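A.B. asks: Give me a model of this one.
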Amino acid sequence: MKRFATIFWSVLIALAAIPIIIGIVQQIRTAPSHAVAVATTAPPSRAIILPAAPASTNPDVGEVVVDRTGAPNPDGGARIAIVVGPAGHDAKMDAAFLRLPVALTIIVDPHAAHADATASLAHATGHALYLWASGAPKPMTITAWNTRFGGVAGIASVDASGMAAALHGTGYSYLDQHGDAAATVFTDAGVPLVHRDITVDDREEASYIAYMLNRALTLGINRGEAVVWMRPQAASLAALRKFASAHAHEIVPLVPLVP
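C.D. replies: The predicted model follows:
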C-alpha cells in the first residue's frame, strides 16, 4: 500500500511539472537575439554624373552639341579643331591661349579694345585668324579689315543670313557658330564653310568643361572630326591646357569644307 502511494504521488508530480517544462522551452525559443546585424548596403558612389547633352544656356547660339552625322577615321583617331572667341577683349588671356603648344583658330572681335594686338600675336604664333561679325559685312568693311589685320581666314558669326553672298569672291571662309547653316547656299556661292559641332564652356564649372572636352573627343572619334568652340576665359584655358597635355596629337588646324 505504501509503495502504491509513492508511485501515485510520483506520477502526479511528474504530470504537474510538464506545463512548467513546456513554458520554459517556449521562453527560450522566443527570447530576443543579442546578435548584431551587419549592414550589407554599399556606400554611396562618389562619381559625378554630368548631363550627356546639356541644354544651352544661350539658345541664340544654338544647341551645345549639334546633331550631325559623320564617319570614323580609318585609323580610329579623333580630329579636333579648337576655336577660341570672341577674343580681343583681354590681351593677357588671349596671349595665354595663343601660346599653348597646339593648333588653334582665334576669333577676334574687330571692335574689341585689344583686337589688333591679339590678331598680330595670332599671326606671330602661326594660328588661324577669323574675325567676328554680328551680321554679313559690307564689301568696304571687308576691304578695311584686310588692310587692318591682314591674313584673315574668314568670318565667324552666329547669324548666317546673307553671309554666302557677302563673302563670295573674297577668299574668306565662313565659320558657323550656330552650327546649322545650309551648306548648299555656301557651295553655290563658292564660299568654304565650317560648322561648329560643340561648345564646351557653355557653363563655367571646371568639371563641366573637362567633361565636355572629353565629349568633344568622343565626337571626333565617332564623326571623324569635331569643331570645338571655347571662350577666352580662365576656366576654359585651364581645362584646355590639361586636355591638350594628353591629346595634343588629336588637336588639328581648322580646315573648312571647300566647295
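A.B. asks: any idea which strand is longest in the protein?
C.D. replies: strand 80-87 (DSSP state E).
A.B. asks: residues in contact with that strand?
C.D. replies: By Cβ atoms under 8 Å, 6 or more residues apart in numbering, the surrounding residues in contact with strand 80-87 are 93-94, 97, 102-109, 112, 118, 130, 132, 156, 175, 194, 196, 216-217, 220, 225-232, 236, 240, 247, 250-255. All C-beta spots, glycine's among them, are computed from the backbone N, C-alpha and C.
A.B. asks: Show me how far the very next helix or strand once past that strand is from its chain's centre.
C.D. replies: As assigned by DSSP states H and E, the chain's next helix or strand after strand 80-87 is helix 91-98. Taking the mean of its C-alpha atoms, helix 91-98 sits 22 Å from the chain's own mean (Cα atoms, centre = their mean, to the nearest Å).
A.B. asks: follow-up on the earlier one: now do the longest strand of the chain and helix 91-98, the angle between them.
C.D. replies: Orientation note: strand 80-87 sits at an angle of 170 degrees relative to helix 91-98 (axes from the mean of the first three to the mean of the last three Cα atoms, to 10 degrees).
A.B. asks: picking up where we left off before, in strands, which of the contacts of strand 80-87 fall?
C.D. replies: Going by DSSP E, the strands hold 104-108, 130, 132, 156, 175, 194, 226-230 from the contacts of strand 80-87.
A.B. asks: Which stretches in the chain count as helices?
C.D. replies: Remark: helices assigned in the chain by DSSP state H are 2-30, 91-98, 115-125, 139-149, 163-167, 183-189, 206-223, 234-247.
A.B. asks: from the contacts of strand 80-87, which would you call buried?
C.D. replies: Among the contacts of strand 80-87, those that count as buried by neighbour count (16 or more other Cβ atoms under 10 Å) are 93-94, 97, 102-109, 112, 118, 130, 132, 156, 175, 194, 196, 216-217, 220, 225-232, 236, 240, 247, 250-251, 254.
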